[in-house]
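# when you get a sec, could you give me coordinates for this:
(2 chains)
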Amino acid sequence: MTQILFKDINKEGLHTMKVYEGLGGYQSLKKAFAQKPEEIVEAVKASGLRGRGGAGFPTGLKWSFLAKDVFPRYLCCNADESEPGTCKDRELLLKNPHLLIEGMILCSYACRIETGYIYFRGEFQDLSFIMDKALDEARAKGYLGKNILGSGFDLDIHTHLGAGAYICGEESALLNSLEGGRGEPRMKPPFPAVEGLYSKPTVINNVETLCAVPYIVSEGADKYAALGTEKSKGTKLVSVSGHVKKPGNYEIEMGTPTSELIYNLAGGIQNDNKLKAFIPGGSSVPMLPADKVDTPYDYESLAEAGTMLGSGALIVIDDSINIVEATLRLISFYMHESCGKCTPCREGTRWLHQIVERIMQNKGQLEYITRLEDICDNMAFKTFCPLADACVAPVVSSIKYFRADYEEYFKNVPAGAAS
Amino acid sequence: MSDVTLTIDGKTVTVPKGTKVVDAAKQVEVDIPVFCYHEKIGPLGCCRMCLVEVEKMPKLMTACTMDVAPDMVVKTVGDKVEKAQKGVLEFTLLNHPLDCPVCDKGGECPLQDNTFKYGPPDTRMEFHRANNVKAAPLSPVITIDRERCIACQRCTAYSERIEQDRGLVMLNRGFHNEVNTFNNEPYDNRFSGNVIDICPVGALTNTDFRFKARTWDLENHDTLCANCGCNCNITLGTRLNEFMRIEARPNDAVDDGWICDKGRWGHHFMESKNKITAARENSVGKTEPTSFPNFPINAPAEQAAEKVIEIFKNIAEEHGPESIGFLGSPYATNEEGYLYQKLFRLLGTNNIDHKSYQDTPGLPIRHFDVEEIENSNIVLLIACDPTEELPILDLRIKKAVSRCGTKLLSLNDQDTALDKYAELKVKYKVGSEASAVDALAEGLARELGESIDFSSDLGPTGISDEDMKSLVEAVRSSMKICVVYNPAALSGDTSLRVKRLLSVIARIPTIECGAIPAAPATNAVGAVDMGLLPDFYPGGVPVSDSEKVKELWGENAPTKPGLSASEMIAKAKSGDLKALWIHRSNPVVDFPGGEQVVEALKNLDLLVVHDMLETETTQLAKIVLPSNGPGFDEGTTTNIGGRVQARRKALEANSIDDWKLIQVMLKKLGDESSYSRVAKVLNEISQKVPGYQEINSRFVGKQGCNREQVAGEEVSPGNVESAASSNGKLQLRVATYLFAHDKILDASSKLAYHFKPSSAFLNESDAGKIGVSNGDRVSISGNGTEMEAEVTIDNRCMEGGVVVPRISDEQGVNGLGNPDGSPAWVDIKKA
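Numbers count the residues shown, from 1 in each chain, chains lettered A, B, ... in the order given. Model (predicted):
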């Protein structure tokens, strides 16, 4: 399988400038500086690269939306990898920081940006130290700073650590946090491309997205676009976790069947249990039952199956698991991480938690299941950011596919019994 | 801005681009429920109450965050929207206690109202509601009930966007989030009380009003705040003739919907033990006047007044009308001021004044309403510190700068809190304002190619040529400029120089311009308009214009200029002035001169003080008459923007109303006019006072109306005389603080936490010369008086000056000033 991001990932010393350059690192810059910035934006558009953070928005298009002739502009790399199940960015940041720097330089050149920030989640402190070292190396080599490689283009990149909040992975909350404010999503419009960091046009991209840019520039957009499916181009890092024999990050070509990931790359289900369900794109997307395991892993196919590719975190659940319990665990994550701004999310996540908890204590009533669905309906798509939708996804999908697991709790409780 | 047409519930509406859907809906009387949205604060999108269906949008949208778009089709009814509204209300009420029967907000609660109108009839919540703190003080005046808070963030957004100091913030996350202050500091800025008004539930409560009355039992009186020249609109709630609370009553032209905390809680003087409730005679005075009739103690005020005015008449007849004088009040209503000047002019004197500084009626350019600040692209502050003097003006300027694209210029002798919003800040030396103002006028005139009959000198001001040049350029190139100046902070005849500057600005051809004379006193503009001046009749009619005077005021009206306040004090000292009548003014503390003022007043044969509270001046009076004051009185006042508004009676007083008392005296002197209601006085004002022709009580209504321009004379002050050498002394600048420990806010006031210690703000180099450092006690002496203060070295003023804020009546800082109002020099020594 074609490896772009993970090509040399396990090479000793890849995080150092010497090894990285030895493998052809930073070669794309010369090629880029020979072109006009707009040509690079066009190339990224042509490559079909889509945002790898979760929403899957076409990257080149995002870059071209920047407000015209407003400067300074900023680039924010979203390294707040906080979606439960996701750890792909961590591996890139840990082992190949220069790839991200190279990608950020290309993006900045293409978008005429002179200041970049890498926003790390608070728990990534060690990675930020690695990145700081890599940035120093890049500055020493003249890849960052004034007049990079004699191109007349200036850029510096800074690292910033968050304080540990899931919501700060949402791009506008990230901007608030980066500015020193409370991590709460901002109103859109204006979109960050028009008024982002410090009210200036801002590009926000995920680590994996930016890391794909050097390949597109050096190898050509066509080569990248040749990979994957018609609408989902290129490769994708997938973090496989849960009940598999070899959990870890795998780079696949878009459109690879999910079963290939679970049974081949990740070595199959642990203890030779049976697959019960899987969550294909991180905890905030709906889960799917075992019979959909052949769904191709790309944006469109997963959407068609009623879920999302999300951030590429494949969580595998075997038949030893009670889905209600797993759902409660997920709800409690979202309850804890809700910023509290929107009423349905703040109150709804807690209420869902109370109800599911009550069900698991065998104290519920059968009508709780429909009540859960109704509360989810009142929450979904009615809040400022998608956190409430994310909380609703596992609840709704677990009821849809595993209603029996819920009903199990009411077997010995007569309908209408006191709660 | 271009207009957008859209459809809301089948009704077509056209609104300016940028309007939010929720505001557009109001115009076609479609109600979209909200909790977090407030039109003055702007969109937040927290509460999700305003979800509506928009055609071509896949999900429901919040009407409060959504701009209107051409041909947009909005639906606020229908199953989808109604289910969402019920859902959101269910969530909102999930952990909200049902303590409406004891909640202060009950009866005027948006949560109650929206629940009745849109909510589910029942809840499906079967678990224990969350418990939280029921009464946590955020400050001495605000208590928060954390259980009732629905975390809509209106208050924190107000704090961030309107006050702009983030005093209130959201702490913690998700279900545990709460409205609080950073580090548990008290929420103690000047505008904190507005969060009570905007809280859509009973979470932020007025500690003073808590559990005092049910809102539907209140009698609400639409009246005015009487604490400063802003004249903010308030609703004063009473129950059984007892004061209950004050709330803001939004008026875009005046206060933009906000009031300061002094306006909300500075009302305890109304029940103060120092309130004067009856007429009395003090055993003071140089000699017992033999002409004095036997004065009954605690006589009804009207009987006392009749007798006393007769004595005044006798004195005027015996010693000539120059021997009596009247010191009016910049705090009283227009009607009271008007009637009083009529009374004393009837006695044949023009010895009438109300202030210790120089000012004249009228402006050579338009008198801008406060709202115009938002539409001006340049606001120029001269000697003005709105934050301390006129707090609501401070909010307006912040709004203009941060949201309306206005640029702020400042020409001042001290640093102010608004400086950080200023595009250009030009600081002159204390006492050199005349030269600074003249230099700006001269610079502008030169740009215009005009010949002028004065020359200016930047030397004494300490302003660099470049700074003055940039200031001139900024003013010259403005499209619309609003000059805000404080005549009370300008020494000598500088306010006349400001008027000359204004007339130069008015001649710049491309510019639209206006000014706001922002003296801090409540009715400073009205007092000038009503002719409480020695050289002007009401409406800016000069006493020297005998033809006009005789036409308006009769054959016997005096046409000789009278004495100003400081001249009256000087004449009292010399014995030429025999009798003085003071209405709601405390010159002993408020006028420069201190001990010399006391001596002068003691030297009078007869001093009558008509006031609402005991003051240092009433102690010197032979006769004290009761005045009722704000809350009890009625009439109109004119705010700094020239807007005439009605101050209405909210409480019944025991004493006679001031205007009725003056009417009794007018009758005694043979005046035939009779006023059955205070509105009749206003009728007479509209006939007699140029500029007030259009003003009548119906027109004034609830929101007030602007008076016409009051006539002003072209002024031409001479060149500034070079100042005397300092001899190692420093020039004194007294800064006015509205939140001072005075008669209105006494030590028992809940706002006492605003009181500051007595301080002297020194420039680094002066401090070095005197040999003091931060925190040292120093004694400041001047004009034969001495006071103590603590040193703060912060370069608030330039070298050669000292800023001493007036923080209390006892402090006596005005005693350091010269009685004639000329710039004062002080000595500072380590105590």
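# for the residue of chain A found nearest chain B, which non-adjacent residue is closest in space?
Nearest residue of chain A to chain B: A:N378, at 3.0 Å (C-beta to the nearest C-beta). Every residue, glycine included, has its C-beta placed from N, CA and C. Excluding the flanking residues, the one nearest A:N378 by C-beta to C-beta, 6 or more residues apart in numbering or on different chains is B:G87, at 3.0 Å.
# near chain B, which residues of chain A? Just list them.
A:165, A:182, A:184, A:187, A:189, A:335-344, A:346-351, A:354, A:358, A:371, A:375, A:377-379, A:381-384, A:419 (C-beta under 8 Å from any C-beta of the partner chain).
# which of those residues fall in helices?
A:335-337, A:343-344, A:346-351, A:354, A:358, A:371, A:375, A:377-379 (DSSP state H).
# just to revisit the earlier point, give the contact list for the residue nearest to A:N378.
Contacts for B:G87 (C-beta atoms under 8 Å, 6 or more residues apart in numbering or on different chains) come out as A:P344, A:I375, A:D377, A:N378, A:M379, A:K382.
# helix/strand/coil for B:S686?
Here B:S686 is helix, with the state taken from DSSP: H, G, I helix; E, B strand; the rest coil.
# was I right to think it contacts B:Y692?
Yes - between B:S686 and B:Y692 there is a contact at 5.2 Å, judged by C-beta atoms under 8 Å.
# quick one: which of those two has more around it?
It is B:Y692, of B:S686 and B:Y692, that has more neighbours when counted by other C-beta atoms under 10 Å in any protein chain shown, with 26 against 17.
# now do the phi/psi pair for the more buried one.
phi -110, psi 10 (degrees, to the nearest 10).
# distance of it from B:T636?
9 Å (C-beta to C-beta, to the nearest Å).
# identify the contacts common to those two.
Listed as contacting both B:Y692 and B:T636 by C-beta under 8 Å, 6+ apart are B:V644.
# would you list the buried entries among the ones in helices among the residues of chain A next to chain B?
Among these, those scoring as buried are A:335-337, A:343-344, A:346-351, A:354, A:358, A:371, A:375, A:378-379 (criterion: 16 or more other C-beta atoms under 10 Å in any protein chain shown).
# tell me the buried residues in the longest helix along chain A?
Counting by DSSP H, the longest helix found in chain A is helix A:387-407. For helix A:387-407, a neighbour-count test (16+ other C-beta under 10 Å) marks A:387-399, A:401-402, A:405-406 as buried.
# where in the chain is pLDDT low?
If you meant another chain, say so; for now it's chain A. By pLDDT under 70, the low-scoring segments of chain A are A:412-419.
# not quite, go with chain B.
For chain B (pLDDT under 70), the answer is B:1, B:284-298, B:723-725.
# which bits of it sit near chain A?
B:43-49, B:51, B:58-60, B:65, B:67, B:83-84, B:87-88, B:90-92, B:94-95, B:124-127, B:150-153, B:169-170, B:172-177.
# which of the residues you listed fall within strands?
With strands taken from DSSP state E, the overlap with the residues of chain B next to chain A comprises B:L51, B:V169, B:M170.
# where along the stretch 51-200 of chain A do the strands fall?
A:74-79, A:115-120, A:156-161 (DSSP state E, counting those that start in this stretch).
# check contacts around B:D31.
Contacts of B:D31 by C-beta under 8 Å, 6+ apart are B:A25, B:T76, B:K117.
# and A:K236, by the same measure?
A:R52, A:E251, A:I252, A:E253, A:M254, A:Y297, A:D298, A:L309, A:G312.
# which residues does it form a beta bridge with?
Residues in a beta bridge with A:K236, per DSSP bridges, are A:I252.
# ok, now the one 4 residues further on?
Per DSSP bridges, residues listed as beta-bridge partners of A:V240: A:G248, A:L314.
# residues in contact with it?
So A:V240 contacts A:K246, A:P247, A:G248, A:N249, A:Y250, A:L261, A:I262, A:L265, A:A266, A:L314, A:V316 (C-beta under 8 Å, 6+ apart).
# in space, what's closest to the second one - neighbours in sequence excluded?
The spatially closest residue to A:P247, leaving aside those adjacent along the chain, is A:S241, at 4.9 Å (C-beta to C-beta, 6+ apart).
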